[in-house]
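S.K.: quick one: sequence and predicted model below, then my questions.
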Amino acid sequence: MKFLKVLYLLVGLAIIFAIVGCGAAPAAAPAEEKPAAEAPANAKKEYKDLTVCYPQLGAESDWRTANSASLKETAKELGVNLVFSDAQQKQENQISAMRACIQQGVDVIALPPVVEDGWDAVLTEAKDANIPVIIVDRSVSADPSLYAAHIGSDMVLEGKKAGEEMNKLLPEGGKIVELSGTTGSGAAVGRAKGFRETLAKNIEILDSQTGNFTTAEGKPVMEAFLKKYAGEIDGAFIHNDNMAIGAVEAMKAAGLKPGDIKIVSVDGTRGGFQLMIDGWVQADVECNPLLGPQVMEMALALANGEPVERETLTKETVYFPDQAAELLPSRQY
Ligand code: AHR
C-alpha cells in the first residue's frame, strides 16, 4: 500500500510539472540583430541621387540663354544636382569643364558642343570612367560609340526649310547673302548644307560670312555685305535671330526699309518675332532650346543602366509675320 501511495504521488507530481511546463511562456529569445536599413547595391537611382554635368558652350544668343535656363529650372524642379559652367564659346573651356566633371565622378555628362570636331579624346576619357555622355543641341563628328545619345534639332532640316522659304520669297530668282553661325558648329554646317540642297537654281549666293551667332558680330558682317554688294542683295539667310537683329541695325543705318531685302532667320525667339512684326523678317525657322526635361529624363535612364534612344530630334515648325503678333506674348524665349 505504501508503495502504491508513493507511486500515485510521483505520477501526480509528473502531471503537475507537465501542465505547468506547457503553460509557461517560452523564455524570450535574444533579440535578433537586424542590419541597418540600406539601399541594395542595385537600387534604382532617383532624380535626387543624380549629378548631371552641363558644360554649356556660352551665352551668345537668346536661344542659348533659354537653353541654360531650361536645364537649370528642370534640375531645380526635379532635385537633380546640376554642375553647370559657361565655356564662352571656347572648345578648350568645354573640354576642361568636362575633365573636371569626370574627376568629380558625375553620373552623366550632357554636352552641347560648340563645334563638331575635336571631341574624341575627352569622350574616350568619359567612356573609360563609365560616365555616359548625351550630346545636346549641336552634333559631333566623333565615333558614335563614344557617346550614348544625341538630343537636339535636325539642323539640316532647318536649313532645308529656310531654303524653301527663300524660294517662295524670290520666285523669280535673285541674289542673296548668308550670315552663318559659328564656323565648324553642327548648327552652321547643317543649316548651310540643307539650305543649299533646297535653294532654287535661279537664286545665287553672293557671299557667306560668319557672325558667330551674336548680334554684335552679325551687324558688321551685314554692313560689309551692304557696302560690297550695294543695290544687289535681294535676300539674306541668317542662321539665327540674334544675328538678324544685328543685320537689321546695319540695314536701318544704310537707309533700307523693311522688305527691301527678304530675310529668312532661324530660332523663333521673341527678338525674331518682333522683327517679323516690324516687317524685317519674312520667315523664322524654329529651333527649340527647351531641352531640359528630355535631357534629365534620359540622364536618369542612363544612370540606371536603362536603354535610351540614340537620336531624339525636336519637332519644329516655321513661323511667319501674320502669326507673330498673336504668338509673341506667349513665347517662352
Ligand atoms: O545650336 C543652336 C544655335 O546656337 C541657335 O540657333 C543659336 O541661336 C545658338 O547660338
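M.R.: Here it is on my side, so go on.

S.K.: what segments of the protein are strands?
M.R.: For the chain, applying DSSP state E gives strands covering 51-56, 81-86, 108-111, 133-136, 149-152, 174-180, 203-210, 235-238, 262-267, 283-286, 311-313, 318-319.

S.K.: now the first one: average pLDDT?
M.R.: In this case it means strand 51-56. Mean pLDDT, strand 51-56: 98.

S.K.: hmm, that strand in reach of the ligand?
M.R.: No: with C-beta under 6 Å from any ligand atom as the criterion, the ligand is not reached by strand 51-56; the gap is at least 10.9 Å. Glycine gets a C-beta too; all of them are placed from N, C-alpha and C.

S.K.: how about the second one?
M.R.: No: no part of strand 81-86 sits close enough to the ligand to count as contact by C-beta under 6 Å from any ligand atom; the gap is at least 12.9 Å.

S.K.: what's in contact with that strand?
M.R.: 50-56, 58-59, 68, 71-72, 75-76, 93, 97, 101, 104, 106 (C-beta atoms under 8 Å, 6 or more residues apart in numbering).

S.K.: rerun at 7 Å
M.R.: The contact list for strand 81-86 (C-beta atoms under 7 Å, 6 or more residues apart in numbering) reads 50-56, 58-59, 71-72, 75, 97, 101, 104, 106.

S.K.: residue 167: which of the strands of the chain is closest?
M.R.: strand 203-210 (7.0 Å; C-beta to C-beta).

S.K.: residue 313 and residue 154 touch, don't they?
M.R.: Yes: counting by C-beta atoms under 7 Å, residue 313 touches residue 154, with 4.9 Å between them.

S.K.: the more surrounded of these two?
M.R.: When residue 313 and residue 154 are compared for neighbours, residue 154 comes out ahead with 18 against 13, by other C-beta atoms under 10 Å.

S.K.: so for that one, what's the pLDDT?
M.R.: Predicted confidence (pLDDT) for residue 154: 98.

S.K.: helix or strand with the lowest mean pLDDT in this protein?
M.R.: helix 2-23 (a mean of 42; mean pLDDT, DSSP states H and E).

S.K.: quick check on the contacts of strand 81-86: which are buried?
M.R.: 50-56, 58, 71, 75, 97, 101, 106 (16 or more other C-beta atoms under 10 Å).

S.K.: low-confidence ranges, the stretch 51-200 of the chain, go.
M.R.: Nowhere does the stretch 51-200 of the chain drop to pLDDT under 70.

S.K.: what parts of it come near the ligand?
M.R.: Within the stretch 51-200 of the chain, the positions lying close to the ligand (C-beta under 6 Å from any ligand atom) are 60, 61, 63, 64, 137, 138, 187.

S.K.: which ones are touching the first one?
M.R.: By that I understand residue 60. Neighbours of residue 60 in contact, by C-beta under 7 Å, 6+ apart: 89, 212, 213, 214.

S.K.: of these, which is the most crowded?
M.R.: Neighbour counts for these (other C-beta under 10 Å) peak at residue 213, which has 29 neighbours.

S.K.: could you dump the strands of the chain to a markdown table with distance to residue 126?
M.R.: Shown next, in a markdown table, are those (distance: least, C-beta to C-beta, whole Å):
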| stretch | distance to residue 126 |
| --- | --- |
| strand 51-56 | 9 |
| strand 81-86 | 13 |
| strand 108-111 | 6 |
| strand 133-136 | 5 |
| strand 149-152 | 13 |
| strand 174-180 | 30 |
| strand 203-210 | 29 |
| strand 235-238 | 35 |
| strand 262-267 | 30 |
| strand 283-286 | 31 |
| strand 311-313 | 19 |
| strand 318-319 | 36 |
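
S.K.: count of neighbours near residue 43?
M.R.: By other C-beta under 10 Å, the residues close to residue 43 number 10.

S.K.: repeat for residue 94
M.R.: Neighbours of residue 94 under the rule other C-beta under 10 Å: 26.

S.K.: find the nearest non-adjacent residue to it, please.
M.R.: With C-beta to C-beta, 6 or more residues apart in numbering as the criterion, residue 94 has its nearest non-adjacent residue at 4.2 Å, and that residue is residue 87.

S.K.: how about residue 104?
M.R.: Here the residue nearest residue 104, using C-beta to C-beta, 6+ apart, is residue 83, at 7.0 Å.

S.K.: from residue 310, how far out is that neighbour?
M.R.: Using C-beta to C-beta, to the nearest Å, residue 83 is found at 24 Å from residue 310.

S.K.: out of the buried ones among the contacts of strand 81-86, which is nearest to residue 290?
M.R.: Residue 290 lies nearest to residue 71 out of the buried ones among the contacts of strand 81-86, by C-beta to C-beta, at 9.5 Å.

S.K.: and the closest residue to the closest one other than its chain neighbours, what does it touch?
M.R.: Leaving aside its sequence neighbours, residue 71 sits nearest to residue 292 (C-beta to C-beta, 6+ apart; 4.6 Å). Counting by C-beta under 7 Å, 6+ apart, residue 292 touches 70, 71, 73, 74.
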